[in-house]
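> Okay, predicted coordinates and the sequence, questions at the end:
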Amino acid sequence: MDLTGKLLIAMPGMGDPRFEHSVVYLCSHGDDGAMGLIVNKPADLRVSALLTQLEIPCHLPVVGDSPVRFGGPVETARGFVLHSSDYEANLHSLSVEPGFSMTATLDILEDMASGSGPEKGLLMLGYSGWGPGQLEDEIGQNGWLTAEADPHLVYDMPDADKWEAALRSLGVDPITLSASAGRA
């Protein structure tokens, strides 16, 4: 089953503290593995500070107010922007599903700083990656639930509310979840 464009919701007790209460948007999933971005883990860095480090002038307070997020533990010095599909300014944007594209080139940051970037977007450092069969194994061991990706949940909700909202989108009350998995 191709999970590209879906959300992964970390289950309690999954065993990896980097993913505790994470919601991951899957940018790609196939026989060669999977790649996703955690959408609800703010880093101790603001977009304005990152733009300053990269010497990109920014005069828009909205851009500067946003937190950079921890996209995952792989290549944590590399930036990724998960964004609305209205921005497809170059061949480097990956269109994933309606409402979701991903760009990992510097020009999107320049466009965001000048006001010509996507209407909605999250800037991440690092990504989450799985080798062939690894994600399927983790799902089979009750490490993750999968859900449809809702642009409102991903782009508009406060980070602290996304995990619970993603669970509730499946009809799951977080209070009912156990950290220990069972097998029928």
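Thanks, I have the structure now.
> My understanding was that residue 43 contacts residue 70; is that so?
Yes: counting by Cβ atoms under 8 Å, residue 43 touches residue 70, with 4.9 Å between them. C-beta here means a position set from N, CA and C on the backbone, and glycine is covered the same way.
> isn't there a helix covering residue 15?
No: secondary structure of residue 15 (DSSP: H, G, I helix; E, B strand; the rest coil): coil, not part of a helix.
> do you know how far it is from residue 144?
As judged by Cβ to Cβ, to the nearest Å, residue 15 and residue 144 stand 12 Å apart.
> Comparing those two, which residue is more hemmed in?
Neighbour comparison, residue 15 and residue 144: the larger count goes to residue 144, with 21 against 11 (by other Cβ atoms under 10 Å).
> Who are the contact partners of residue 54?
Contact analysis of residue 54 by Cβ atoms under 8 Å, 6 or more residues apart in numbering lists 106, 109.
> Residue 112 versus that one, what's the distance?
According to Cβ to Cβ, residue 54 stands 11 Å off from residue 112.
> same check, this time on residue 36
21 Å.
> Pull the number of nearby residues for the closest residue to residue 155 other than its chain neighbours.
The shortest distance from residue 155 to any non-neighbouring residue, by Cβ to Cβ, 6 or more residues apart in numbering, is to residue 120 (4.1 Å). Around residue 120 sit 18 other residues, with neighbours defined as other Cβ under 10 Å.
> Was I right to think residue 120 contacts residue 82?
No: Residue 120 lies out of contact with residue 82 (Cβ under 8 Å); the separation is 9.1 Å.
> Buried ones in the longest helix that the chain contains, by neighbour count?
The longest helix of the chain (DSSP state H) is helix 159-169. Buried residues in helix 159-169, defined by neighbour count with 16 or more other Cβ atoms under 10 Å: 159, 162-167, 169.
> What's the local residue count around the nearest residue to residue 164 once chain neighbours are set aside?
Distance criterion Cβ to Cβ, 6+ apart; nearest residue to residue 164, sequence neighbours excluded, is residue 174 at 5.2 Å. Neighbours of residue 174 under the rule other Cβ under 10 Å: 14.
> which residues does residue 174 contact?
The contact partners of residue 174, by Cβ under 8 Å, 6+ apart, come to 163-164, 167-168.
> if I look at it, how far off is residue 122?
Noted for residue 174: a distance of 22 Å to residue 122, by Cβ to Cβ.
> Quick one: the strands in the protein, in order.
Along the chain, counting by DSSP state E, strands occupy 6-10, 23-30, 33-38, 42-46, 67-70, 74-83, 94-97, 100-103, 121-130, 144-148.
> Report the buried residues of stretch 149-158.
Within stretch 149-158, the residues that qualify as buried are 149-150, 153-155, 157, counting by 16+ other Cβ under 10 Å.
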